[in-house]
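>>> I'll drop the sequence and a predicted model, then ask my questions.
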Amino acid sequence: MACSSAGIKPHGYKCMSDLLLSVEALAATYNHAIRALSGVSLTVRRGEIVALLGANGAGKSTVLKAVSNLLYAQRGQITEGQIHFDGGAVTTISSADLVRRGLVPVLEGRHCFHSLTVEENLIVGAIGRDARRSEIASDLDRIYALFPGLKQRRKSLSGFTSGGEQQMTAIGRALMSRPRLLVLDEPSMGLAPLVVESIFRTLKQLNVSEGLSILVAEQNSTVALRFADRATVLENGRTVLGGSALELRQRADIKALYLGSPSESAARVSSSSNRAVA
Amino acid sequence: MFDYQFFIEVLVGGLLSGVMYSLVAIGFVLIYKTSGVLNFAQGAMILFAALTFVSLLERGVPFPLALLATLAVMVVLGIAVERFVLRPLVNQPPITLFMATLGLSYVIEGAAQLLWGAQVHGLDLGISDTPFDVAGVLISQFDLFAAAVAGALVALFALFFRYTRTGLAFRAVADDQFAALAVGLRLPRVWAAVWTAAGIVAVVAGLLWGARLGVQFSLSLIVLKALPVLVLGGFDSIAGAIVGGLLIGAIEKLAEVYVGPFFGGGIEAWAAYVVALGFLLVRPSGLFGQKLVERV
Ligand SMILES: Nc1ncnc2c1ncn2[C@@H]1O[C@H](COP(=O)(O)OP(=O)(O)OP(=O)(O)O)[C@@H](O)[C@H]1O
Ligand SMILES: [Mg+2]
């Protein structure tokens, strides 16, 4: 078979069916005026976790909204480039149909339905893919097994739950749609390190055990690179760097160069570049 | 000496007529909550429903059949409005949508006139308006009937929102439209359902108001009665619409009886607006409304 999933050769040819998502030379604007992206490219292969890194305003959310065909709802437009999910051109498929095909977003800032209970939030996720009643009950159990904390809070209004619980609700709601590609926008935002760790661990577990592919935008590059297979770095709406997470993790300078440098890593960069000169 | 019995009589009469205002306001709230559209055409829909119903009755169609046919017509109208007016205008600013519904109200009124003519029709629902006596307080039988029907309708909606899938989708869209889109809900379907629901409310309101005032073109002006109710209750709260309607009903009648004489009477028509205006200054989002936020 030509498309065996066996080896991912470092620089070798990857056959098309292995590509779940491809973004090619994407350019996008808001209000036909503000240019947010130009020439962004990235890919997600089946079973991969890909991190999309970049500082504030780099364009991560814009890429993810374009991928889910949600840009128009915020007065954004794709002006150039192409996005394909599982062989289909994303711009010709409504966001509702993308969800049914297995491309499911978790929005930046969680966007739980605050006036609905945690469980109702999850059920809306199931309605979003037209699930049958019998499937909903077993899918709920599955989500509660992944996020035991949610089970205790299932009858609470989600607006009254903690930030971590809301993030779990938002992820659980997306999982209720039985995604093949989960597109997460800054799941770590505003959460304590331990909570972030547990959320990423759960995602990794789904990735390993069920082959769930994940595209995750993060400012927290340390955590994201630890769990991702590959990463793409955005700066001012352009892709500036890409590669295996392992490789990027070892380059201390990327944090300083592209991700809004904490002084500590900036110091490390200068010392390492000194060494290079010497 | 203050006549408590008379006071209660006025109050009860006011509350009962307030129920009818609530009914009109609920139609507004349903649509505003889920799509952020202030539907000025709600009044025209009420007129259209009432006119369709009477005209069918007058042509010898039996009552239940006329009611069913009217409901069907309103459902079709609701779906058509979503499909041909609102969907092309998705993502337009609220003022554009409001203007569209303003235009729509003229189209619906025009269509009503073309179809059924412009004369005034009487509508008899077979409920007598003779008052009856409860512990010395006179209560209009028709008002009581209207309140019961409105109450039943509200209870039905509450159950629908609580226990059905469509109801849940409805609440999700009302809560966070962008998130609803992201999880894969089909917003046009939800909007069509909302307009259908507003159409059903219009049928009930149209029959009750039509029986009270006669079915005529001024019926569409009861939207103006709903505005103070919405200001009081908040544009996005069904509970607010109910409480607001009751308050406005009571205020109108009490003002007419106790304050009216100082102005030479006739203040019932504008007392509600004065109260609403005062209220706007104190609490712009209404009793139950959320803070007005710009919608995406
Ligand atoms: N709805 C919008 N309307 C207009 N401009 C926008 C909108 N959303 C984002 N932008 C602009 O597009 C650019 C990219 O923003 P985007 O939200 O994609 O960045 P980001 O990488 O997600 O940032 P953050 O880490 O802060 O979430 C920014 O310059 C931003 O100001
Ligand atoms: Mg962002």
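Cool, the structure landed. What you are looking at is a predicted structure, and each value in this text was computed from that prediction instead of being measured. Residues are numbered from 1 along each chain as shown, chains lettered A, B, ... in the order given. Ligands and ions are numbered 1, 2, ... in the order given.

>>> right, and the helix or strand after the helix with the most length in chain B?
The residue-count maximum for a helix in chain B (DSSP state H) belongs to helix B:4-35. For helix B:4-35, the following helix or strand on the C-terminal side (DSSP states H and E) is helix B:42-58.

>>> which SS state does A:Glu80 fall under?
strand (DSSP: H, G, I helix; E, B strand; the rest coil).

>>> Pretty sure it sits against A:Glu24.
No - contact criterion Cβ atoms under 8 Å: A:Glu80 and A:Glu24 do not qualify, at 9.5 Å. C-beta here means a position set from N, CA and C on the backbone, and glycine is covered the same way.

>>> Would you check that A:Gly88 makes contact with A:Gly102?
No - in this structure, A:Gly88 is not within contact of A:Gly102 by Cβ under 8 Å, at 10.9 Å.

>>> Which one of these two is surrounded by more residues?
Set side by side, A:Gly88 and A:Gly102 show more neighbours around A:Gly102, with 18 against 14, by other Cβ atoms under 10 Å in any protein chain shown.

>>> and that one, how far is that from A:Leu140?
19 Å (Cβ to Cβ, to the nearest Å).

>>> In contact with the residue nearest to B:Ala69 when sequence neighbours are not counted, which residues?
Spatial nearest neighbour of B:Ala69, excluding adjacent residues (Cβ to Cβ, 6 or more residues apart in numbering or on different chains): B:Leu56 at 5.9 Å. B:Leu56 makes contact with B:Leu65, B:Ala66, B:Ala69, B:Thr70, according to Cβ atoms under 8 Å, 6 or more residues apart in numbering or on different chains.

>>> Could you give the number of residues near the closest residue to B:Met45 other than its chain neighbours?
Nearest residue to B:Met45, sequence neighbours excluded (Cβ to Cβ, 6+ apart): B:Ala202, at 4.0 Å. By the other Cβ under 10 Å criterion, the neighbourhood of B:Ala202 contains 29 residues.

>>> just to revisit the earlier point, tell me which other helices or strands the longest helix of chain B touches.
helix B:42-58, strand B:137-140, helix B:141-163, helix B:165-175, helix B:187-213, helix B:222-233, helix B:238-254 (3 or more Cβ pairs under 8 Å, 6 or more residues apart in numbering or on different chains; DSSP states H and E).

>>> model confidence over that helix, on average?
Averaged across helix B:4-35, pLDDT comes to 87.

>>> tilt between that helix and helix B:165-175?
90 degrees (axes from the mean of the first three to the mean of the last three Cα atoms, to 10 degrees).

>>> tell me how far helix B:4-35 is from the chain's mean position?
9 Å (Cα atoms, centre = their mean, to the nearest Å).

>>> Okay, buried residues for it please.
In terms of neighbour count (16 or more other Cβ atoms under 10 Å in any protein chain shown), helix B:4-35 has its buried residues at B:8-35.

>>> Could you do stretch A:32-39 as well?
So for stretch A:32-39, counting by 16+ other Cβ under 10 Å, buried means A:Ala36, A:Leu37, A:Ser38.

>>> wouldn't the first one be in contact with A:Arg75 here?
Just to be clear, that refers to A:Ala36. No - taking Cβ under 8 Å as the definition, A:Ala36 is not a contact partner of A:Arg75, at 11.3 Å.

>>> what residues do those two have in common as contacts?
By Cβ under 8 Å, 6+ apart, the residues touching both A:Ala36 and A:Arg75 are A:Tyr30.

>>> what about stretch A:79-95, start to end distance?
18 Å (Cα to Cα, to the nearest Å).

>>> can you check stretch A:52-66 too?
Taking Cα to Cα, stretch A:52-66 runs 14 Å from one end to the other.

>>> Tell me the backbone dihedrals of the residue lying closest to A:Ser158 once chain neighbours are set aside, please.
Leaving aside its sequence neighbours, A:Ser158 sits nearest to A:Cys112 (Cβ to Cβ, 6+ apart; 4.3 Å). Main-chain dihedrals, A:Cys112, degrees, to the nearest 10: phi -70, psi 160.

>>> A:Gly88 too?
In terms of degrees, to the nearest 10, the main-chain angles of A:Gly88 are phi -100, psi 140.

>>> Which strand residues bridge it?
A:Phe85 (DSSP bridges).

>>> Going by residue numbers, what spans are strands in the stretch 151-278 of chain A?
Counting by DSSP state E, counting those that start in this stretch, the segments of the stretch 151-278 of chain A that form strands are A:181-185, A:213-218, A:230-235, A:238-244.

>>> which outside residues touch the third one?
Think strand A:230-235. A:40, A:42, A:48-55, A:58-60, A:63, A:221, A:224-225, A:239-245, A:248, A:254, A:258-259.

>>> so A:Arg180 makes contact with A:Arg100?
No - taking contacts as Cβ under 8 Å, A:Arg180 lies outside contact range of A:Arg100: 11.1 Å.

>>> hmm, back to that, closest to B:Ala41 out of the buried residues of stretch A:32-39?
A:Ala36 (37.3 Å; Cβ to Cβ).

>>> what secondary structure does B:Leu65 sit in?
helix.

>>> so what pLDDT did it get?
96.

>>> A:Arg142 too?
At A:Arg142, the model reports a pLDDT of 96.

>>> and the closest residue to chain B within the stretch 101-250 of chain A, backbone torsions?
Residue of the stretch 101-250 of chain A nearest chain B, by Cβ to the nearest Cβ: A:Gly128 (3.2 Å). Dihedral pair for A:Gly128: phi -60, psi -20, per degrees, to the nearest 10.

>>> since we're on the closest residue to it other than its chain neighbours, how many residues are nearby?
With sequence-adjacent residues excluded and distances taken as Cβ to Cβ, 6+ apart, A:Gly128 is closest to B:Gly184, at 3.2 Å. Counted with other Cβ under 10 Å, residues neighbouring B:Gly184 total 27.

>>> Double-check B:Gly184 against A:Val99; I have them as touching.
Yes - contact status for B:Gly184 versus A:Val99: in contact at 3.0 Å, counting by Cβ under 8 Å.

>>> and for those two, which residues touch both?
Residues within reach of B:Gly184 and of A:Val99 at once, by Cβ under 8 Å, 6+ apart, are A:Gly128, A:Arg129, A:Ser177.
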